[in-house]
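Asks: build me a model from this:
(one chain, ligands or ions: 1)
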Amino acid sequence: MHVPTLISRKREGEELSSIEIKDLIDGYTRGEVPDYQMSAFAMAVFFRGMSPREIATLTHCMIESGDCFSYPVGHPPVVDKHSTGGIGDKVSLILAPLVACAGNWVPMVSGRGLGITGGTLDKLESIPGFKVNLSMPQALAQLAELGVVMMGQTERFCPADKKLYALRDVTGTVPSIAMITASIMSKKLAESLDRLVLDVKYGSGAFMQTHEDAQALADSMIAVGREMGVEVHAVLNPMSEPLGQAVGNALEIIESLDCLDGAGPADLRATVLDLAEKIAGCSRGDLERLLDDGSARRRFDAMVTAQGGNIADLPRLAEIHCAAVIRELTSTSSGVVSAVNAGLVGQAVLQLGAGRAKANAPVDFAVGMDRLVKCGETIAAGQVICRIHAQTEADYRMAAAMMEKAVEISRID
Ligand code: URA
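Replies: This is a model prediction of the structure:
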C-alpha cells in the first residue's frame, strides 16, 4: 500500500477497493499510518464521499479492528440507541436506564464531545468517580446484574474508530455521511445488538444541516445495519434549537436527573419516549410509568454506584462543579421567541470550555448554560434568556454576545 497514492485517488473521487480500505485502516490502527496522512485521507473522504460498498467495508474494517460483545445463551433482547450528535442532547443518559427497566440489556458504548456537540462520556465523568473505562468482562457482569452499562471504547473495541473519531474532531472532518455511518455503526454492530434506534439530527446544531442530508445519513446507516441482520429504526429530529434547557457537561446531568425523576423539559421527555418505544418492547404508557414511578431513576443510581460514583453527589453536582461567573442574561425586548440557534449555542458552550480544541484535551465540567428559553415562549423585556456559567468575565461576555445573536424575539403587534 502506498498511502499518498490512496489519498490522491480518493481526492480525485475514485472508488477504493476493499483491500485498499482494509490495509489503510489496519495500518492506521497499528500506528503505521500517521495521523497527518489519515487527516488528509479524512478530508478527501469529506469532500468526495464514499460509495455504499466503500462505507460497508470501512464499517467492517472498524469492527474487525477490535473485539465484539458476546452474550450468554438465552440473554434478554440487547438494544441500544445512538444519536448523530446535537446540542443539549442528553437523551442517552435517560433512555439507557429506562429501557433496561423494561427488561432489555443496554450495552451503551458512547463517545466524547465531537465538534460542537457534547459527548455522553464527558457528561458522565462530571459525576465524581464515575468510570467509563470498563473492560468487556466488567461490562458483561454489570449487564447481567443491572441490564445497563454506559462506557467508552476500550482499547479492544473498535480501536480504529476511537483513533479516527478523535482525529476528525480536530481536523474539521466530522460531517461526512461515510465517516459518521462507519463510526456509529461499527460501535453499534460490535455491541452485537438485536435492535437499534438511531436519532438522526438535522439543523444548525447538527452535523447534517438539512432534512435531506439527515435522510441520506439515516438510509446509509440503516443499510449497513440491516446487512448485518440488526433491526434498525431511524427517527429524524430537528436540531434547530437545543434539546431541553441546559447545555454543558454537569448541567446536562442535572437536567437528566430531573427527567429521570419524571419532570424536566417537555421536549426532552418526548424525545426520550419517541426513541425508547422503538426498541423497548413495551408500550409508551409503560415507559412513562417507569419514568414517573422512579424505576428509571433507581436504575440510573444503581449504574452510578456500580461504575464508581457516589449517588450522594448527584444532588450536589451544581456545587461540585461551580463556575466562577454564573450570571443570567436578560432580554432587551418583549415578544415571542422565534429562534434559539442551536449551532451558535453549541459554539458558545464549546468556547466556554465544555468541549475540546485539541484531541484528548480535558473538558470543563462546570461551564455551559441553563434556564434557556424555548422557541414559542412569550417573553417580556428583562426576563431571563439563559443563565451562563463561565470561568472568566471575558468568557461570559463572549458567550453573552453569542447568545444575543442566537436568540431571536419577534414582536407581537
Ligand atoms: N457519533 C459517533 O459516534 N461518530 C460520529 O462520527 C458522529 C457521531
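Asks: by proximity to the ligand, which residue of the stretch 151-300 of the chain wins?
Replies: Nearest residue of the stretch 151-300 of the chain to the ligand (CB to the nearest ligand atom) works out as residue 183 at 3.4 Å. Every C-beta, even on glycine, is put in place using the N, C-alpha and C of the backbone.
Asks: point me to the helix or strand that includes that residue.
Replies: Assessed by DSSP states H and E, residue 183 sits inside helix 177-190.
Asks: which helices and strands does that helix pack with?
Replies: Packing partners of helix 177-190 (3 or more CB pairs under 8 Å, 6 or more residues apart in numbering; DSSP states H and E): helix 35-48, helix 52-64, strand 79-83, strand 106-109, helix 159-169, helix 211-227.
Asks: who does the helix or strand just after it touch, helix- and strand-wise?
Replies: Scanning forward in sequence from helix 177-190 by DSSP H and E, the next helix or strand is strand 195-202. Counting contacts by 3+ CB pairs under 8 Å, 6+ apart, strand 195-202 packs against strand 79-83, helix 211-227, strand 231-238, helix 266-279.
Asks: can you name the residues of the stretch 151-300 of the chain that neighbour the ligand?
Replies: Counting by CB under 6 Å from any ligand atom, the stretch 151-300 of the chain comes close to the ligand at 165, 179-180, 183-184.
Asks: adding pLDDT, distance to residue 126 and neighbour count, write these out as CSV.
Replies: CSV is the format used below for these (pLDDT from 0 to 100; distance: CB to CB, whole Å; neighbours: other CB atoms under 10 Å):
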residue, pLDDT, distance to residue 126, neighbour count
165, 88, 20, 22
179, 96, 28, 23
180, 93, 25, 22
183, 94, 24, 26
184, 92, 23, 26
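Asks: quick one: distance of the helix or strand bottoming out on mean pLDDT in the chain to the chain centre.
Replies: Least confident element among the helices and strands of the chain, by mean pLDDT, DSSP states H and E: helix 159-169 (a mean of 92). In terms of CA atoms, centre = their mean, to the nearest Å, the centre of helix 159-169 is found 15 Å from the chain centre.
Asks: then stretch 107-126?
Replies: 6 Å.
Asks: related to what we said a few turns ago, among the helices and strands packed on strand 195-202, which is the most enclosed?
Replies: Among these, ranked by average contacts under mean count of other CB atoms under 10 Å, first place goes to strand 79-83 (a mean of 26).
Asks: pairing partners for that strand, with directions?
Replies: According to DSSP bridges, strand 79-83 forms sheet pairs with strand 195-202 (parallel).
Asks: which other residues reach the least confident helix or strand of the chain?
Replies: Contact with helix 159-169 is made by 25, 28-29, 35, 38-39, 42, 61-62, 65-66, 111-115, 153, 155, 173-174, 176, 179, 182-183, 186-187, 356, 359-360, as judged by CB atoms under 8 Å, 6 or more residues apart in numbering.
Asks: that helix vs helix 177-190, what angle?
Replies: When axes from the mean of the first three to the mean of the last three CA atoms, to 10 degrees is applied, the directions of helix 159-169 and helix 177-190 differ by 140 degrees.
Asks: alpha carbons of helix 159-169, in CSV - could you do that?
Replies: In CSV, the C-alpha atoms belonging to helix 159-169 read as follows (Å, rounded to 0.1, in the frame of the first residue of the first chain):
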residue,chain,number,x,y,z
PRO,A,159,-9.9,0.9,18.1
ALA,A,160,-9.8,2.2,14.5
ASP,A,161,-12.9,4.3,15.2
LYS,A,162,-11.5,5.5,18.5
LYS,A,163,-8.4,7.0,16.8
LEU,A,164,-10.2,8.3,13.8
TYR,A,165,-13.0,9.9,15.9
ALA,A,166,-10.5,11.9,17.9
LEU,A,167,-8.7,13.0,14.7
ARG,A,168,-11.9,14.0,12.9
ASP,A,169,-12.9,16.1,15.9
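Asks: select only the buried ones of the contacts of helix 159-169 in PyMOL?
Replies: The PyMOL selection below is limited to those of the contacts of helix 159-169 classed as buried (16 or more other CB atoms under 10 Å):
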select buried, resi 25+28+29+35+38+39+42+61+62+65+66+111+112+113+114+115+153+173+174+176+179+182+183+186+187+356
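Asks: point out where the chain drops to low pLDDT.
Replies: For the chain, the stretches flagged by pLDDT under 70 are 359.
Asks: cutoff 80 now
Replies: Filtered on pLDDT under 80, the chain yields the residue ranges 114-115, 357-360, 413.
Asks: domain-wise, how is it divided?
Replies: 3-49, 79-315, 321-410 (automatic domain parsing).
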